[in-house]
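> Give me a model of this one.
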Amino acid sequence: MSHSTSHTTVTDRPDGARKGFALWLTGLSGAGKSTIAGAVAARLRSEGAAVEVLDGDEVREHLSKGLGFSREDRDINVRRIAYVAKLLCRNGVAVITAAISPYRATREEARREIGDGFIEVYVNASLEECIRRDVKGLYNKAIAGAITSFTGVSDPYEPPTHPEVEVNTERETLEESVEKVLDTLRQRGFLPAAQGASAR
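Here you go, the predicted structure:
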C-alpha cells in the first residue's frame, strides 16, 4: 500500500543513521491504543530505538490544556501532535501517537505534515466491545446524555479507509497485534529484518 507525498524529511538521513517514523494509532476510546503503544514502545526500545509515546490523554493535559471537544478543538489537538511528531521523527526518533483523532481529513493533514514516515495504525474494536471495557462508565454516561461530544456516541468516528496496519483487539492477542505493527516497520525499512526470520 502506498501513499504519495512530497515530503521526504523522515527518510533523508545519512547512511547508517536510524530513520525516524510515526506510528499513528487511531481508534475509539477503549479500543486498545495506549496498550498497543506501550507494548510496541517496549519492543522498539529493546531493539535500541529512541522512542517517544504521545498519548492523547497526556497531550491534552500538557500540550492542549484548555481545548474542548468541538471539531475545531479536536483538529487543533491533532495538528499539535503531528507537529511534535514531525520534529521528533526528523531527529531519528520512533514516535508512537495514541489519540482517537476521529476525522480522516485531519489525519491526512498529519500524514502530509510528517511525510514518508507516517504509518497509520487502525486499532479496531466494536463500539459494543469498547463499552464493555469502559471501567469508568463514560460511554454509558454519554449514551444517557450526561457527557456531550463523545466520539462514537454523539460525535462521529471516521475509521481509516486505507491504513498501513489494521489490528483488531477483539480477535487478536496483544502479541499478535504488536507483531503486525513490527512486521510493517520491517517491510518499510524502519527496522532491520527479524533475525532468523523465515517465510510465513
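
> Mind listing residues that contact the lengthiest helix in the chain?
Ranked by residue count under DSSP state H, the longest helix found in the chain is helix 71-89. Helix 71-89 is contacted from outside by 9-10, 20-22, 24, 52, 54, 56, 59-60, 63-64, 67, 95, 97, 99, 101-103, 106-107, 109-110, 113-115, 117, using C-beta atoms under 8 Å, 6 or more residues apart in numbering. Bear in mind the C-beta positions are built from the backbone N, C-alpha and C, glycine included.

> got the buried residues for that helix?
Taking 16 or more other C-beta atoms under 10 Å as the neighbour-count basis, helix 71-89 is seen to contain the buried residues 74-75, 77-78, 80-82, 84-86, 88-89.

> swap in stretch 48-64?
Neighbour-count burial for stretch 48-64 [16+ other C-beta under 10 Å]: 49, 51-56, 59-60, 64.

> any chance of those residues in TSV, with secondary structure, distance to residue 186 and pLDDT too?
What follows is the buried residues of stretch 48-64, written out as TSV (DSSP: H, G, I helix; E, B strand; the rest coil; distance: C-beta to C-beta, whole Å; pLDDT from 0 to 100):
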residue	secondary structure	distance to residue 186	pLDDT
49	coil	13	92
51	strand	16	96
52	strand	20	95
53	strand	20	95
54	strand	23	94
55	strand	25	88
56	helix	27	77
59	helix	28	79
60	helix	32	67
64	coil	33	67
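
> What is the nearest of the residues you listed to residue 170?
Taking C-beta to C-beta as the measure, residue 170 sits nearest to residue 56 out of the buried residues of stretch 48-64, at 20.7 Å.

> Excluding chain neighbours, give the residue nearest to the closest one in space.
Nearest residue to residue 56, sequence neighbours excluded (C-beta to C-beta, 6 or more residues apart in numbering): residue 99, at 3.4 Å.

> Could you check how many residues crowd around the one you found?
Other residues within reach of residue 99, judged by other C-beta atoms under 10 Å, total 26.

> Residue 156 and residue 100 touch, don't they?
No: the pair residue 156 / residue 100 is not scored as a contact, 11.1 Å apart, by C-beta atoms under 8 Å.

> who touches both of these two?
Common contacts of residue 156 and residue 100, defined by C-beta under 8 Å, 6+ apart, are absent altogether.

> Between those two, which is the more surrounded one?
Neighbours around residue 156 and residue 100, counted as other C-beta under 10 Å, are more numerous at residue 100. The numbers are 22 against 10.

> returning to that earlier point: can you lay out the buried residues of stretch 48-64 as JSON lines showing distance to residue 35?
Converted to JSON lines, the buried residues of stretch 48-64 look like this (distance: C-beta to C-beta, whole Å):
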{"residue": "49", "distance to residue 35": "19"}
{"residue": "51", "distance to residue 35": "16"}
{"residue": "52", "distance to residue 35": "17"}
{"residue": "53", "distance to residue 35": "12"}
{"residue": "54", "distance to residue 35": "15"}
{"residue": "55", "distance to residue 35": "11"}
{"residue": "56", "distance to residue 35": "13"}
{"residue": "59", "distance to residue 35": "17"}
{"residue": "60", "distance to residue 35": "18"}
{"residue": "64", "distance to residue 35": "22"}
